[in-house]
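Undergrad: Need a 3D model of the sequence below.
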Amino acid sequence: MTTAAILAKLPYSEPFLFVDTLEYIDEKKVTGSFTFRPDMDFYKGHFKHYAVTPGVLLTEVMAQIGLVCLGIYLTGGAEDLAFGLTATNVEFMAPVLPGEKVTVTGEKEYFRFGKLKCKVVMTNERGQEVSSGVMAGMIIPRKS
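TA: Purely as a prediction, here's the structure:
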């Protein structure tokens, strides 16, 4: 499965799509990136005088690249699957400012019975670790 095919199968769209590119993917690891555009709406209020990317959105970027993209790859991209985040244990070490590009690497710990658990690390363009932790999600068939 190509990275372009995986991106096409992501179940998100603007303004909640947080994957620009996938640089690498195999059955054990995925690396992708996203740039937080300065005109994104949430910067207007987070915070009023010093815009910083909310941690919940950093977590979402980590989940979309580190879990969902890898999950699509591991399942072969079946059309009838849904993804749900089940657990996160993430620490934040540095702020992400408007206009910054972040890179996420997810490494599979296990994938069994539809549950995918990964170690996930986010770095900024300077190679500084922004956040890291462990995330898990379920990949389940959608009811028709």
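Undergrad: Going by C-alpha atoms from here, please, whenever you check contacts or count neighbours.
TA: OK.
Undergrad: which residues sit in contact with residue 6?
TA: With contacts defined as CA atoms under 8 Å, 6 or more residues apart in numbering, residue 6 is in contact with 69, 72, 73, 77.
Undergrad: Surely the last one is in contact with residue 10?
TA: No: checked against CA atoms under 8 Å, the pair residue 77 and residue 10 is beyond contact range at 9.4 Å.
Undergrad: Can you list which of the contacts of residue 6 are found in helices?
TA: Among the contacts of residue 6, the residues falling in helices (DSSP state H) are 72, 73.
Undergrad: Out of the contacts of residue 6, which is nearest to residue 131?
TA: Each of the contacts of residue 6 was checked against residue 131 using CA to CA; the closest is residue 69, at 18.6 Å.
Undergrad: tell me the SS of the closest residue to that closest one other than its chain neighbours?
TA: For residue 69, ignoring the flanking residues on the chain, the nearest one in space by CA to CA, 6 or more residues apart in numbering is residue 6 at 6.4 Å. Secondary structure state of residue 6, per DSSP: H, G, I helix; E, B strand; the rest coil, is helix.
Undergrad: For residue 54, see how far away residue 6 is.
TA: Counting by CA to CA, to the nearest Å, the gap from residue 6 to residue 54 is 26 Å.
Undergrad: circling back to that earlier point, filter the contacts of residue 6 down to the buried ones.
TA: Of the members of the contacts of residue 6, the ones counted as buried by neighbours, 16 or more other CA atoms under 10 Å, are 69, 72, 73, 77.
Undergrad: which residues touch stretch 55-75?
TA: Applying CA under 8 Å, 6+ apart, the contact partners of stretch 55-75 are 1, 6-7, 9-10, 18-19, 22, 25-27, 29-34, 78, 83, 85, 90, 92, 104-107, 116-118, 120-122, 135-137, 139.
Undergrad: In helices, which of these fall?
TA: Those of those lying in helices (DSSP H): 6, 7, 9.
Undergrad: got JSON lines for those, with distance to residue 50 and pLDDT too?
TA: As requested, these are exported to JSON lines (distance: CA to CA, whole Å; pLDDT from 0 to 100):
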{"residue": "6", "distance to residue 50": "35", "pLDDT": "94"}
{"residue": "7", "distance to residue 50": "32", "pLDDT": "94"}
{"residue": "9", "distance to residue 50": "35", "pLDDT": "93"}
